[in-house]
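1. Show me how the following folds:
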Amino acid sequence: MVFVILSLAVGSMTGRVDVSGSEQTPGEAGRASAILDDVGITNPAGEMVLVTGREQGVKATDPEVKATVREVISAVRATGEVAEVRSPYEAGAVSADGRSALIQFDLRGDPEDAADRVQPITDAVDKAADRHQSVRLEQFGDASGQKAFDEAFGSDFQQAEYSALPVALGILLIAFGALVAALLPVVLAMTAFLATTGLVAVVSHAVHMSDTANSVMLLVGLAVGVDYCLFYLRREREERAAGRDATTALQIAAATSGRAVLISGITVIVAMAGMLFTGIAEFEAMGLGTLMVVAVAMVGSVTVLPALLSLLGERVEKGRVPFLHKRTKAGNGESRFWRAVLNRVLRRPWVSITLAGGSLVAVALPALGMHTANLNMDQEFGDSLPIVASYRHINEQFPGGPAPARVVVKADDVRAAPVREAIEDFRAQAVTKGASKGPVKVTVHEKENVAVIEVPLIGGTDEDRSERSLNVLRDEVRPATLGTVDGVSAPIGGDTAASKDFSDELGSSVAPVFAFVIVFAFLLMLMSFRSLTIAVTSIALNLLSVGAAYGILTAVFQHGWGASLVGAEGVGAVVAWLPLFLFVILFGLSMDYHVFVVSRIREAHVAGRATRDAVVHGVVTTAGVVTSAAVIMVAVFSIFGTLSMQSMKQMGVGLAVAVLIDATIIRGVLLPAVMVLLGDRNWYLPRWLRWLPDLSHEDEVAAPPQPGAVPVGAPQGGDGLPGQVRV
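-> Numbering: from 1, shown residues only. As a prediction, this is how the structure comes out:
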């Protein structure tokens, strides 16, 4: 508790440093943002009002439309919140069909809090719309869009976070049948998260953090914290139910489940560290935050938890729920359901592998055609937000208007004649070469020697078309204009550029991240279990569950198959950041179950059981823990599948489905079937690998020997100590 309090106190004093806009954006778009940051220029929050006559024959030049435009301009100026209002007739912002006019203006002050100050402007536009019923007014911009986003998603996301704790507590209460035992994992997980929050604030001065990283940290911290405590608590309870005294039960739990927690925790930390290789600030923040919370939860589970259990003693059973407690105390910790399943699986292991493995491969096949993209506002929210319709209509009439490309021109003297001529030439060629229909706006900051050119890209919300327009600007227009002037740099940013550069950077980091996670996880499993076979099968089974999750995501969200069943819709793509994020998270979390189950199987094998018997014993005695942990994670992740944003739905559904597959088909069918078929080859370690460090930590722990079993490593001829087995 002192550690938690000190961490929070130090973190509060130092404060958290978040990633800036230029840090969040990689590549050329990031360089454009960095130039503006360096000279202290902030892009003001821009707003637009689309003015369209409701009748088909009404033109933007008709008196009623012009009068409405004048009133809107006057009304927004009167709020005192806007600067540089541009009349559509002066700026040439009349649609190609002549029916719509676009009023553009910027908000004064810091764009970061513009969403908090946009309401008076929205009210002024609404009042003008009430007075001109024959004309339709639609507003969209940086501030109004952010405000709508915050209202639709911000409270929704917080509610999901707050729902996670009672859901986890309820499931743990069912699993343990006692309130105190159910509270321990939640309390330890939350204290681990709180302590890490303070530590992250300190670390953020070197590696900047973000709110997204904090939310992911809470999710992962809750998941692994509860998992680790479940592993420990269940084993301690099982040993006490078998007649051990409290001290012996804790010692056995420490040597078995405690060791599994350490191996699992280190594996998860390695997986999360893979995010540090992406080169993307947001991913680096998530990776560092999550590996820190896993480390704190792991240490707490093998120190604080046994201390609390020793302190509480029998009081850990306080707050019993009669029916539930009686059910959880019955038996010897084995699951009758999974024993019945295993009997059928192991009766024909080849058939089980073919059916289960074939099904997962079939489910994974759609992932071969996965298309990733950064979802635009229309795809994210659909028709759930009124402002999305405004966004869509502005894009239809003025393609690219809501999200123009921004060319940041930096020169020794931005007012020099060659630079001015190149900028004008760029404006002209952007239209003549088909990248934009205009109007192209130029803002010159003489003092900073920087000019910003805003180019509405042809394609608008159509990602492929807008990226083609961006490529025309980067590959044809810029080299022929600004590129001919010495001493001028002109990186092109904006939403489309940021999306493209982000996807390119993410794509280039996939191979090194995958390689790092797989290689280090393989080495950890190899050294922890001293078995090449277990290391190989562990990686293969984890990759199979990840592949199945990818396939389901592609089928549901890209192709729309069964999307309505999860309250979603097919948007034609999987959000770009999700595949890499899912791989790292799932690879880490699935290792929790794998390490725990295989550790129990190995323990039984070392105690002298035959491989088949050890597999059955290991699976049925851990099934309750794995099921409880999986149900908690599936429930928590499913909450995120209820949010309004498609990207959050994709994340929630992907994580929930993958954990469900991993805890059932992988651990309950494929793992035991594969291990039984391999037999003693499960424990194969070639001589040329025996130099590797031994992380197995085999200790002597008191446990009753199985009838007829010979403890592995015991001297032959009766010299072994009775009642001692190596685990």
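2. the strands in this structure, which residues?
-> With strands called from DSSP state E, the chain shows them at 46-53, 82-86, 100-107, 135-141, 372-373, 405-410, 441-445, 450-455, 492-494, 574-575, 700-702, 724-726.
3. Quick one: low-confidence residue ranges for the stretch 151-300 of the chain.
-> For the stretch 151-300 of the chain, the stretches with pLDDT under 70 are 152-161.
4. go again using 80 as the cut-off
-> 151-165, 168, 174-178, 211-212, 215, 219, 241, 279 (pLDDT under 80).
5. can I get the CA coordinates of stretch 613-623 in PDB?
-> Taking C-alpha atoms only, stretch 613-623 is exported to PDB below (Å, rounded to 0.1, in the frame of the first residue of the first chain):
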ATOM      1  CA  ASP A 613      -3.200 -39.000 -17.400                       C
ATOM      2  CA  ALA A 614      -1.100 -35.900 -16.800                       C
ATOM      3  CA  VAL A 615      -2.900 -34.100 -19.600                       C
ATOM      4  CA  VAL A 616      -6.300 -35.000 -18.300                       C
ATOM      5  CA  HIS A 617      -5.400 -34.000 -14.800                       C
ATOM      6  CA  GLY A 618      -3.900 -30.700 -15.900                       C
ATOM      7  CA  VAL A 619      -6.800 -29.700 -18.000                       C
ATOM      8  CA  VAL A 620      -9.700 -30.700 -15.700                       C
ATOM      9  CA  THR A 621      -8.000 -29.100 -12.600                       C
ATOM     10  CA  THR A 622      -7.400 -25.800 -14.300                       C
ATOM     11  CA  ALA A 623     -10.600 -25.700 -16.300                       C
END
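6. Now for the chain, the helix or strand with the poorest mean pLDDT.
-> When the helices and strands of the chain are compared on mean pLDDT, DSSP states H and E, strand 724-726 comes out lowest with a mean of 39.
7. Distance-wise, check W688 relative to M527.
-> Distance of W688 to M527, computed by CB to CB, to the nearest Å: 15 Å. Every residue, glycine included, has its C-beta placed from N, CA and C.
8. just A182 next, same as before
-> 35 Å.
9. G40 too?
-> For G40, the distance to M527 - CB to CB - is 52 Å.
10. Looking at those two, which one has more neighbours?
-> M527 (17 against 9; other CB atoms under 10 Å).
11. what's the burial count for M1?
-> Neighbour count of M1, defined by other CB under 10 Å: 8.
12. residues touching it, list them.
-> Residues near M1 by CB atoms under 8 Å, 6 or more residues apart in numbering: T191.
13. before we move on, the earlier item: make TSV out of the strands of the chain and add distance to A60.
-> As requested, these are exported to TSV (distance: least, CB to CB, whole Å):
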stretch	distance to A60
strand 46-53	7
strand 82-86	15
strand 100-107	4
strand 135-141	10
strand 372-373	33
strand 405-410	25
strand 441-445	19
strand 450-455	21
strand 492-494	26
strand 574-575	37
strand 700-702	83
strand 724-726	85
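14. Is it correct that V65 is in contact with R54?
-> No - using CB atoms under 8 Å as the test, V65 is too far from R54 to be in contact (10.3 Å).
15. For the two, indicate the residue with more neighbours.
-> Set V65 next to R54 and count neighbours by other CB under 10 Å: V65 wins out with 22 against 10.
16. who touches that one in this structure?
-> Here V65 is in contact with 51-53, 58-59, 101, 135 (criterion: CB under 8 Å, 6+ apart).
17. out of those residues, who has the most neighbours?
-> Result: A101 is most packed of the contacts of V65 (other CB under 10 Å), 28 neighbours.
18. which residues does that residue form a beta bridge with?
-> Listed by DSSP bridges, the beta-bridge partners for A101 are V51, V94.
19. could you show me where the helices are in the stretch 301-450 of the chain, in order?
-> Ranges of helices in the stretch 301-450 of the chain, per DSSP state H, counting those that start in this stretch, are 322-329, 336-347, 349-364, 377-381, 386-397, 417-432.
20. wait, which of the ones you listed is closest to E71?
-> Proximity to E71, assessed across the helices of the stretch 301-450 of the chain by CB to CB, is greatest for helix 386-397 (18.6 Å).
21. and the angle from the closest one to strand 135-141?
-> Calculated by axes from the mean of the first three to the mean of the last three CA atoms, to 10 degrees, helix 386-397 forms an angle of 100 degrees with strand 135-141.
22. so what does helix 386-397 touch, helix or strand wise?
-> With contacts taken as 3 or more CB pairs under 8 Å, 6 or more residues apart in numbering; DSSP states H and E, helix 386-397 sits against strand 46-53, strand 100-107, strand 135-141, helix 142-149, helix 377-381.
23. Do a quick rundown of the helices in the stretch 151-300 of the chain.
-> Per DSSP H, counting those that start in this stretch, the stretch 151-300 of the chain carries helices over the ranges 155-176, 179-203, 211-241, 246-253, 259-273, 281-312.
24. hang on, the earlier thing: closest one to W338 among the helices and strands packed on helix 386-397?
-> helix 377-381 (40.5 Å).
25. Alpha carbons of the closest one, in CSV - could you do that?
-> Extracted as CSV, the C-alpha positions of helix 377-381 are listed here (Å, rounded to 0.1, in the frame of the first residue of the first chain):
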residue,chain,number,x,y,z
MET,A,377,-16.5,9.7,-39.6
ASP,A,378,-19.2,8.2,-41.9
GLN,A,379,-17.9,4.7,-41.4
GLU,A,380,-17.3,5.2,-37.6
PHE,A,381,-20.8,6.4,-36.7
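26. what is the mean pLDDT for it?
-> Helix 377-381 carries an average pLDDT of 74.
27. where's V293 relative to F277, distance?
-> Separation of V293 from F277 (CB to CB) stands at 19 Å.
28. which one of those two has more residues nearby?
-> Legend: neighbour count by other CB under 10 Å for V293 and F277, higher for V293 (32 against 19).
29. residues touching that one, list them.
-> With CB under 8 Å, 6+ apart, V293 has these contacts: 192-193, 196, 217, 220-221, 224-225.
30. same question, T42
-> 36, 110-111.
31. Over to I665?
-> I665 makes contact with 356, 359-360, 545, according to CB under 8 Å, 6+ apart.
32. rewinding a little: who wins for most neighbours among the contacts of T42?
-> If you count neighbours using other CB under 10 Å, the busiest of the contacts of T42 is L36, which has 21 neighbours.
33. Show me what the nearest residue to it once chain neighbours are set aside is bridged to.
-> Excluding the flanking residues, the one nearest L36 by CB to CB, 6 or more residues apart in numbering is V408, at 6.1 Å. When bridges are called by DSSP bridges, V408 pairs up with V452.
34. quick one: contacts for A129?
-> 135-137.
35. OK, contacts around the most centrally placed residue in the chain?
-> The chain has F581 as the residue nearest its centroid, 5.2 Å off, counting by CA atoms, centre = their mean. Neighbour list for F581: 275, 283, 286, 651 [criterion: CB under 8 Å, 6+ apart].
36. quick one: pLDDT of it?
-> With respect to pLDDT, F581 scores 86.
37. Quick check: it vs V513, distance?
-> Distance from F581 to V513, counting by CB to CB: 10 Å.
38. Which neighbours do these two have in common?
-> Here F581 and V513 have M275 as joint contacts, going by CB under 8 Å, 6+ apart.
39. CSV for the helices of the stretch 151-300 of the chain, including distance to G319?
-> Output for those, formatted as CSV (distance: least, CB to CB, whole Å):
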stretch, distance to G319
helix 155-176, 9
helix 179-203, 3
helix 211-241, 15
helix 246-253, 19
helix 259-273, 25
helix 281-312, 12
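40. Relative to F587, which of these is closest?
-> Using CB to CB, the helices of the stretch 151-300 of the chain put helix 259-273 closest to F587, at 4.8 Å.
41. Which residues outside the closest one are in contact with it?
-> 220, 224, 227-228, 231-232, 287, 290-291, 294-295, 297-298, 301-302, 516-517, 520-521, 524-525, 528, 584-585, 587-589, 591-592, 595-596, 599-600, 695, 697.
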